[in-house]
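*Asks:* Sequence first, then the predicted structure, then my questions.
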Amino acid sequence: MNIAKCLLILLACGISIGSMAQKNIHPNVILIITDDQGFGDLGINGNSLIKTPVIDRFARQSLRFNDFHVSPVCAPTRSSLMTGRYSLRTGIRDTYNGGATMASTEITIAEILKQAGYRTGLFGKWHLGDNFPSRPMDQGFDETLMHLAGGMGQVGDVTTYFQKDSSYFNPVLWKNGKKEAYKGYCSDIFASNAIQFIEKNKSNPFFCYLSFNAPHTPLQVPDAYYQMYKNTDPSLEFEKKNPMHLKMSEQDKEDARKVYGMVSNIDDNIGKLLKKISDLGIEENTIIIFMTDNGPQQLRFTAGMRDKKGTVYHGGTRVPFFLKYPALTRESRVIETMAAHFDVLPTLSELCHVDLPKDRKIDGKSLVPLMKGKKVDWSDRALFSYWTRKYPELYNSMAIQKAAYKLVGQTNYNASIEDFELYNLKNDPEELHNIVKGNQQIAKNLKTELDRTYQELIQSENLIKHPAIVIGSKKENPLILNRNDADGSRGLWDQEIIFGKWNVDMRKGRYNFKFKFIKPIAANGDMYLETNTIINQMKNDRKTDLIEMKNVLLPALQGELIPYYLIEGKMILPFSVEIERMD
């Protein structure tokens, strides 16, 4: 008897597709996320210039959460996505500056699914820590293929940084913790390896996290995709629906063309993945999610929303979120209830019948009742949002949204309520008309909730006690400390003369250190390595971009590892530090 006849018999007996899903309790999960692709970077969301036929078609076949929010920047979004918690609870407070390392005690989607025997794979961007014990392979992923830090070609990704304008092509990536050279364009590489993982694990439940680094900067796109938009004027779409009446510069237009090409490449790769799912015959019992991590970094079409990445306005936080799970429902519809990144873990926990962690606060809610079309009252639900470097700055770039209202702080720590912005999102979705003067009681109520949430989050244990990189473990030896995970001076990036440090948990032993510099340093300076009360130094008598300290004996210690080259009163921070335990 073929499958179609079986289904007809089951339906005739009153057995629904949904009840069948309950019998196959461990559906496959494919979570696709792109980087810096805004709500307006899709045809289905009103952009007539961009070509995304695959994602548009997928959206029309899916449950579309039309009021879905993430953090204004990437690492905080990804930590909330993985854990179901506000990012500050997890230790994530920045995208670099030592604030993008998630505590190893956090429990990820991969870890909860492994309870039920899932095979788990990550392909692309992680950005929650590049060293033991915070790597994806330490946080529940069986197979990983990733770049380092927040982006390829950035200072934290030591294996692609020096490729500069070609870092997205023929990259050296990290496969299961080891460097490996690949041929081709990064998005193609990540997608093809995800497809191989799916094919390899088709007979067992799997979790595939396909985390594209595109269209994040540097904006590098295969020429065939750039040619699709070479003669396009992105400002035509932008200026039709731009609430702030801004104008795109020529550089903005060129950036948009490249972004659109990168997105169209992603669209083609998602098409290949969806075809593989169909060819394997596992589409029915596979949950597929498509989302993005924040708004656009550059100025371009945002479907009428205010601002972009890095802001607490909707242009920075509202993103597409499409979920398809045929075994539960074949219905496609738009859901207008506010939802957020930290809802994904509890949703998958319910759909996949695995337990949520019970020893910590989960901020998210399961979206399953909404998916099933049930009426739920979430009007009392509030969503806190902020973005400033280092740590949250009280009432600066900070917001709370609840029901129809949103309170935004772009002011001082001791500001009066009149200094805040209040928006009625139903009447003013563009967030243009500040109504705080005539609605102070609503604003005060929201501020009370904002204060409570802020005070709770900034006292999080993982925020107060920074997650440490373990040095000297057999799990990762040798290891490389990169600039993305260095703390120190604000704005620490690719500067040379700047103070930086790494938070470490070092095992007792003898070590070899290799200090790599962005540019060759001059001779006749001193190399210093400070570890708490112990300072090791050595003279350098040659111009070089690499200094080695060998056979350094260090005790067990927890604290700061501070390396620098001192010359003519200037402290030069290494680009990276390779450490190998020798005993």
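*Replies:* Cool, got the structure. Numbers count the residues shown, from 1 in each chain.

*Asks:* Please tell me how far stretch 375-384 is from the chain's geometric centre.
*Replies:* 24 Å (CA atoms, centre = their mean, to the nearest Å).

*Asks:* Quick one: end-to-end length of it, please.
*Replies:* 24 Å (CA to CA, to the nearest Å).

*Asks:* Equivalent analysis for stretch 80-88, please.
*Replies:* Termini of stretch 80-88 sit 9 Å apart (CA to CA).

*Asks:* Also stretch 410-429?
*Replies:* The first-to-last residue distance of stretch 410-429 comes to 18 Å (CA to CA).

*Asks:* Tell me how far it lies from the chain's centre.
*Replies:* Worked out by CA atoms, centre = their mean, stretch 410-429 lies 28 Å from the chain centre.

*Asks:* What residues sit buried inside that stretch?
*Replies:* Q410, T411, I417, F420, E421, L422, Y423, N424, L425, D428, P429 (16 or more other CB atoms under 10 Å). For glycine as for every other residue, the C-beta is placed from the backbone atoms N, C-alpha and C.

*Asks:* list the contacts for the second one?
*Replies:* Listed by CB atoms under 8 Å, 6 or more residues apart in numbering, the contact partners of T411 are Y395, N396, D419, F420.

*Asks:* I'd like the distance between it and K519.
*Replies:* 41 Å (CB to CB, to the nearest Å).

*Asks:* hmm, who's touching stretch 535-544?
*Replies:* 517, 520-529, 547, 549, 552, 565.

*Asks:* again, but for stretch 307-318
*Replies:* So stretch 307-318 is contacted by 36, 38-39, 67-73, 244, 294-299, 302, 305-306, 385-387, 397-399, 408, 429, 431 (CB under 8 Å, 6+ apart).

*Asks:* tell me how far the ends of that stretch are from each other?
*Replies:* End-to-end for stretch 307-318, by CA to CA: 11 Å.

*Asks:* where does it sit relative to the chain's centre, distance-wise?
*Replies:* 15 Å.

*Asks:* Helices of the stretch 451-583 of the chain, residue ranges please.
*Replies:* 461-464 (DSSP state H, counting those that start in this stretch).

*Asks:* now do the same end-to-end measure for stretch 229-237.
*Replies:* Using CA to CA, the two ends of stretch 229-237 sit 13 Å apart.

*Asks:* Could you give the average pLDDT over that stretch?
*Replies:* The average pLDDT within stretch 229-237 is 95.

*Asks:* same question, stretch 212-221
*Replies:* 97.

*Asks:* heads up, I number from 783, so please use that
*Replies:* Let's use 783 as the start, then, which means that last one is stretch 994-1003.

*Asks:* What's the separation between D1145 and T1230?
*Replies:* 18 Å.

*Asks:* what about L1110, neighbour count?
*Replies:* Using other CB atoms under 10 Å, L1110 has 23 other residues around it.

*Asks:* so what's the spatially closest residue to Y1293 that is not a sequence neighbour up against?
*Replies:* Spatial nearest neighbour of Y1293, excluding adjacent residues (CB to CB, 6 or more residues apart in numbering): V1334 at 4.9 Å. Going by CB under 8 Å, 6+ apart, V1334 touches R1292, Y1293, N1294, F1295, L1311, N1318.

*Asks:* Distance of V1334 relative to R1324?
*Replies:* V1334 is 20 Å from R1324, by CB to CB.

*Asks:* quick one: the helices in the stretch 783-932 of the chain?
*Replies:* Under DSSP H, counting those that start in this stretch, the stretch 783-932 of the chain gives helices at 785-794, 799-805, 835-842, 856-865, 869-872, 891-896.

*Asks:* Looking at the fourth one now, give me its mean pLDDT.
*Replies:* Mean pLDDT, helix 856-865: 98.

*Asks:* roughly how far apart are G828 and G1270?
*Replies:* G828 is 43 Å from G1270, by CB to CB.

*Asks:* for K961, that is, sorry about that
*Replies:* 26 Å.

*Asks:* between these two, who's got more neighbours?
*Replies:* In terms of neighbours (other CB under 10 Å), G1270 is the more surrounded of K961 and G1270; the figures are 16 against 11.

*Asks:* Hmm, I1280 and that one touching each other?
*Replies:* Yes. If you go by CB atoms under 8 Å, G1270 and I1280 touch, sitting 6.9 Å apart.

*Asks:* can you pull out the strands in the stretch 1183-1332 of the chain?
*Replies:* All strands of the stretch 1183-1332 of the chain, identified by DSSP state E, counting those that start in this stretch, fall at 1187-1192, 1203-1206, 1251-1253, 1261-1264, 1269-1270, 1282-1288, 1291-1303, 1307-1313, 1316-1322, 1326-1336.

*Asks:* Lowest average confidence across those, which one?
*Replies:* strand 1269-1270 (a mean of 94).

*Asks:* Identify the residues contacting that one?
*Replies:* So strand 1269-1270 is contacted by N879, G880, G881, H1248, I1280, F1281, G1282, K1283, W1284, N1285, L1355 (CB under 8 Å, 6+ apart).

*Asks:* let's see 10 Å
*Replies:* 876, 878-881, 883, 1172, 1248, 1280-1285, 1342, 1344, 1355 (CB atoms under 10 Å, 6 or more residues apart in numbering).

*Asks:* Work out the gap between stretch 869-885 and the centre of the chain.
*Replies:* With CA atoms, centre = their mean, you get 11 Å for stretch 869-885.

*Asks:* more neighbours, D1145 and T1230?
*Replies:* Taking other CB under 10 Å, D1145 and T1230 do not tie; D1145 has more neighbours (22 against 11).
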